[in-house]
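1. Quick one, fold the following:
(one chain, ligands or ions: 3)
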Amino acid sequence: IFDQINAALVRGPGSGKGTQCEKIVAKYGYTHLSSGDLLRAEVASGSERGKQLQAIMQKGELVPLDTVLDMIKEAMIAKADVSKGYLIDGYPREVKQGEEFEKKIGAPALLLYVDAKAETMVKRLVKRGETSGRADDNEETIKKRLDLYYKATEPVIAYYEKRSIVRKINSELPVDEVFAIVEKAIDELK
Ligand SMILES: Nc1ncnc2c1ncn2[C@@H]1O[C@H](COP(=O)(O)OP(=O)(O)O)[C@@H](O)[C@H]1O
Ligand SMILES: Nc1ncnc2c1ncn2[C@H]1C[C@H](O)[C@@H](COP(=O)(O)OP(=O)(O)O)O1
Ligand SMILES: [Mg+2]
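-> Numbering: from 1, shown residues only. Ligands and ions are numbered 1, 2, ... in the order given. As a prediction, the model looks like this:
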């Protein structure tokens with residue numbers, strides 16, 4: 001049932017993944033699944049598991065692999081009948097997550113690597129923090145998330161580059177210019 005995992009987006013926090021996903025959904029109608037959004041929904045439910053997740057996210061750390069993967073899989077199954085394809089946002093964040101995803105779910109057709117400078121990501125997140133209400137959009141946690149990004153997530157790109165499905169996109173550009181490049185990458189899939 002998961003033969004249409006159209007794209008996955010990775011890059012550091014604040015690079016603009018969520019922003020581009022919104023535009024992709026509006027144009028292509030894919031099912032957008034953000035690992036961060038799924039986790040925040042669990043936190044908002046007030047469950048015991050949500051409390052544990054909240055503590056991890058507030059520290060800027062990664063939650064356990066099985067938790068995220070189960071949530072994504074469940075959400076994919078729930079939409080399997082109506083989905084025109086899936087857009088996975090914020091996953092994989094480490095090579096192991098990519099390997100497990102392929103074992104349990106399938107291989108993505110495209111990996112969009114939304115690239116921005118560390119300085120840019122910090123600036124955007126600090127600004128987002130003024131209104132987002134997110135417990136992890138503060139300078140201390142942002143720094144930890146960026147460090148972890150370079151250590152754990154960047155190797156994911158090299159892992160997928162071997163299969164030539166990575167499209168690197170400069171997200172220093174204005175939102176619409178970034179999206180024009182994203183559109184081209186998706187249209188080439190067809
Ligand atoms: N290309 C861009 N140029 C300027 N600001 C951007 C751009 N893309 C995103 N932003 C802003 O940066 C912040 C983080 O973007 P977001 O999409 O939430 O990133 P992510 O999901 O990767 O953490 C948001 O406030 C967003 O409005
Ligand atoms: N695939 C994943 N594995 C482990 N933890 C994850 C995860 N995706 C999200 N999280 C946790 C740790 C992240 O710092 C936090 C916020 O994720 P996010 O909303 O995707 O951030 P952003 O959109 O700013 O990049 O949730
Ligand atoms: Mg996001």
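2. tell me the phi and psi of Leu111?
-> The phi/psi pair for Leu111 (degrees, to the nearest 10) reads phi -120, psi 110.
3. hang on, it packs against Ile165?
-> Yes. Here Leu111 reaches Ile165: they are 5.2 Å apart, a contact under CB atoms under 8 Å. Glycine gets a C-beta too; all of them are placed from N, C-alpha and C.
4. more crowded one of those two?
-> Neighbours were counted for Leu111 and for Ile165 using other CB atoms under 10 Å; Leu111 has more, 24 against 16.
5. Now do the contacts for that one.
-> Taking CB atoms under 8 Å, 6 or more residues apart in numbering as the contact definition, Leu111 lies against 7-10, 157, 160, 165-167.
6. how much space between the residue in the chain that ligand 2 sits nearest to and Leu111?
-> Per CB to the nearest ligand atom, Gly36 is where the chain lies closest to ligand 2, at 1.9 Å. Gly36 sits at a distance of 18 Å from Leu111 (criterion: CB to CB, to the nearest Å).
7. Show the model's pLDDT score for the residue nearest the centre of the chain.
-> Central residue of the chain (CA atoms, centre = their mean): Gly90, 1.5 Å from the mean position. Predicted confidence (pLDDT) for Gly90: 93.
8. Could you pull up the residues touching the closest residue to it other than its chain neighbours?
-> Closest residue to Gly90 apart from its sequence neighbours, by CB to CB, 6 or more residues apart in numbering: Ser35 at 4.3 Å. By CB under 8 Å, 6+ apart, the contact set of Ser35 is 68, 71-72, 88-91, 93.
9. ok, now with 7 Å
-> Ser35 makes contact with 68, 72, 90-91 under the criterion CB atoms under 7 Å, 6 or more residues apart in numbering.
10. and which of those is nearest to Lys84?
-> Nearest to Lys84 among those: Ile72, at 17.4 Å, using CB to CB.
11. What degree of burial does the closest one show, as a neighbour count?
-> Counted by other CB under 10 Å, the residues lying close to Ile72 total 22.
12. Next, it: phi, psi?
-> The phi and psi values for Ile72, taken as degrees, to the nearest 10, are phi -60, psi -50.
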